[in-house]
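Student: quick one: sequence and predicted model below, then my questions.
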Amino acid sequence: MMILVCFLIFFLPALAMGFAIKSIDPPANDRPKIAIVGSGAVGCFYGAKLFETDRYDIIFHMRGDHYKVSKENGLKLTSVGGDVFIPPDKLMCYDKTEDIGKVDWVIMSIKTTGIDATPDLLLPLLRKDSRVMLIMNGLVDDDVIRLLEGQDNENIDPVLTKCSAVYAGMALLGSNRIGPGHVDCTLPGKLTASLAKSSSNSVDDIKMHKEMVEGLWEHVQGFEFAYDDNYTKARWTKNVWNLPFNGISVAMNGITVDKIVQDEGLRRLAYTIMDETIAIANKDLESRGFSEEDFLGEAEKKQMMDLSDNIGTYKTSTMLDLTNRKPMEVKYLFRRALDRAEKLSVPAPTLNAVVTFIEALQRRHNLF
C-alpha cells in the first residue's frame, strides 16, 4: 500500500504533464548559425574569421576536392592578418545546403556565373527572419532576389518575402584558394555592407537591419568593416576597383595586379577606366535623387590605387577564370555597368573597348 501511495505522489503528476517531461532535455545551442555558401577564396576567408570569434556556429557549403580535403584535414587560412586553422573535428561542412538546415545568416559568395542556382542553394537555409549577405561581384543583388522569389520581370522592383533582409557585401580583399582546404590572403583590406532589400521598409526595421549586420562583424579582427547607408554608392565604389583591374588583367590575357600598377601605360589605363566608372556611378546616383555630396571622386580613385599598389602578385577572380578556362563573370561584373552607362547616356569608350576584348576571349574559349 505504501509503495502505491509513493507512486501516486511522485509519478502521477509527471504522467499528467505528458509532453512537459520531454522538455527536461539539455537546452539547444542558441549561438547564431551562419551558412557560408560559396566557400572559395572569399567565403572561406570570412567564414574562418567569423569562426575565430568563437561566437557563431559556422557551417560551410563546399564541393568537390575542396569539400573532401577540408572534411578530412580541416580548413586552413594563411593570412598577413593572422592565420586561422579549423580542425576537422570542429569544421562543419556539407556538400548540400539542404543538409545544413535553417540558419540565422547566409553569407553567399558564389561567382555570378552560378547565380541561377540561387533558389536551390538558399531556400533550404532560410526562415522568415533569416538574413543574407551577398559578397559577390557586380550589380547582382536585384537578380538574386528575383531568382529567390521567383519574380522574372526585370522591369519591376523585386519584393522580398523569403527572408528578412538581403545585404550587398563589397570586399576589398586579396584572397586566393591555393589548393583544396587552403586559402591564402595577401591583403585583408575592407568589407563594406549595405542594405539592398528588406521585407519591411519601416524606419525601425531598417535601423534594426543596420544594427544586426554591424553586430555580426563587430568582434571580427584583422580587417576593417564599414556600413554604408547608400547602397548604390557602395556597389559602384567596389566597381571602381573591379572594372579596371579585373578588366585589364583579363584583356591582357591573364596578368596579376602588380603587373598593371607597375607598368606606366597600364596604370594610366586603369585610371582612365576609373574615371569612366565614376562618371557612370555619379550619373546613376543623380538619377536616383542623390546630390553631389554623395558622388564618387578622387578619394575613391586614391583608395583603389593604394589598395592595388599593396596587393602584390594578386590574381583577380576573372583572370583565374580565364587562365583556368572556367566561366567568366562578364554579365554582372562588366556588361551591366556598360548597359547602365548606355541607358544614362554616359560615354565610356575605354571601358567599352576593354569589355569588347573580354567578351571576345569569352566567346573564343566558350567561357559561359
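Tutor: Cool, got the structure. Numbers count the residues shown, from 1 in each chain.

Student: how many neighbours does the residue lying closest to G82 once chain neighbours are set aside have?
Tutor: Nearest non-adjacent residue to G82, counting by Cβ to Cβ, 6 or more residues apart in numbering: G222, 5.5 Å away. Bear in mind the C-beta positions are built from the backbone N, C-alpha and C, glycine included. As a burial measure, G222 scores 16 neighbours (other Cβ atoms under 10 Å).

Student: pLDDT weak spots in the stretch 1-150 of the chain?
Tutor: 1-29 (pLDDT under 70).

Student: what are the ranges of the helices in it?
Tutor: Shown for the stretch 1-150 of the chain, the helices assigned by DSSP state H, counting those that start in this stretch span residues 2-10, 12-17, 41-52, 64-73, 118-122, 141-149.

Student: which one of those lies closest to E276?
Tutor: Minimum separation from E276 across the helices of the stretch 1-150 of the chain (Cβ to Cβ) falls at helix 141-149, 22.4 Å.

Student: contacts for that closest one next, please.
Tutor: 108, 115-116, 118-119, 122-123, 134, 136, 151-154, 157-163, 166, 168, 196-197, 231, 235, 332 (Cβ atoms under 8 Å, 6 or more residues apart in numbering).

Student: please redo it, this time with the cut-off set to 7 Å
Tutor: The contact list for helix 141-149 (Cβ atoms under 7 Å, 6 or more residues apart in numbering) reads 115-116, 118-119, 122, 134, 152, 158-162, 166, 168, 196-197.

Student: between those, which is nearest F245?
Tutor: Set against F245, the nearest of those by Cβ to Cβ is A168 (19.3 Å).

Student: kindly give the local confidence score, pLDDT, for the closest one.
Tutor: pLDDT recorded at A168 is 98.

Student: do N153 as well
Tutor: 91.

Student: wasn't it part of a helix?
Tutor: No - under DSSP: H, G, I helix; E, B strand; the rest coil, N153 sits outside any helix and is assigned coil.

Student: please report the distance of it from L134.
Tutor: Between N153 and L134 the computed distance is 20 Å (Cβ to Cβ, to the nearest Å).

Student: ok so, going back, and the contacts of helix 141-149, which of them are buried?
Tutor: The neighbour-count test (16 or more other Cβ atoms under 10 Å) marks I115, T118, L122, L134, P158, L160, K162, V166, A168, A196, K197 as buried among the contacts of helix 141-149.

Student: with adjacent residues omitted, what lies nearest to the second one?
Tutor: Leaving aside its sequence neighbours, T118 sits nearest to L147 (Cβ to Cβ, 6+ apart; 4.2 Å).

Student: what's the neighbour count on that neighbour?
Tutor: Applying other Cβ under 10 Å, I find that L147 has 19 neighbouring residues.

Student: ditto for G74
Tutor: Neighbouring residues of G74 were enumerated by other Cβ under 10 Å; the total is 17.

Student: check P327 too.
Tutor: 15.

Student: can you classify it as helix, strand or coil?
Tutor: coil.

Student: find the residue closest to it in space, skipping its chain neighbours.
Tutor: P327 sits nearest to T113 (Cβ to Cβ, 6+ apart), 4.0 Å away.

Student: and that neighbour, how far from I280?
Tutor: Distance from T113 to I280, counting by Cβ to Cβ: 23 Å.

Student: which of the two has more neighbours?
Tutor: Using other Cβ under 10 Å, the more surrounded residue of T113 and I280 is I280, with 24 against 18.

Student: how about the contacts made by that one?
Tutor: Neighbours of I280 in contact, by Cβ under 7 Å, 6+ apart: A337, R340, A341, L344, V346, A348.

Student: closest one of those residues to Q303?
Tutor: Among these, A337 lies closest to Q303 (Cβ to Cβ), at 18.5 Å.

Student: list the buried ones in whichever strand or helix holds the closest one?
Tutor: Element membership for A337 (DSSP states H and E) is helix 336-343. Using 16+ other Cβ under 10 Å as the test for burial, helix 336-343 gives R336, A337, L338, R340, A341.

Student: name the next helix or strand following it along the chain.
Tutor: Scanning forward in sequence from helix 336-343 by DSSP H and E, the next helix or strand is helix 349-365.

Student: what helices or strands is that next one leaning on?
Tutor: Helix 349-365 sits against helix 247-251, helix 264-287, helix 336-343, with contacts defined as 3 or more Cβ pairs under 7 Å, 6 or more residues apart in numbering; DSSP states H and E.
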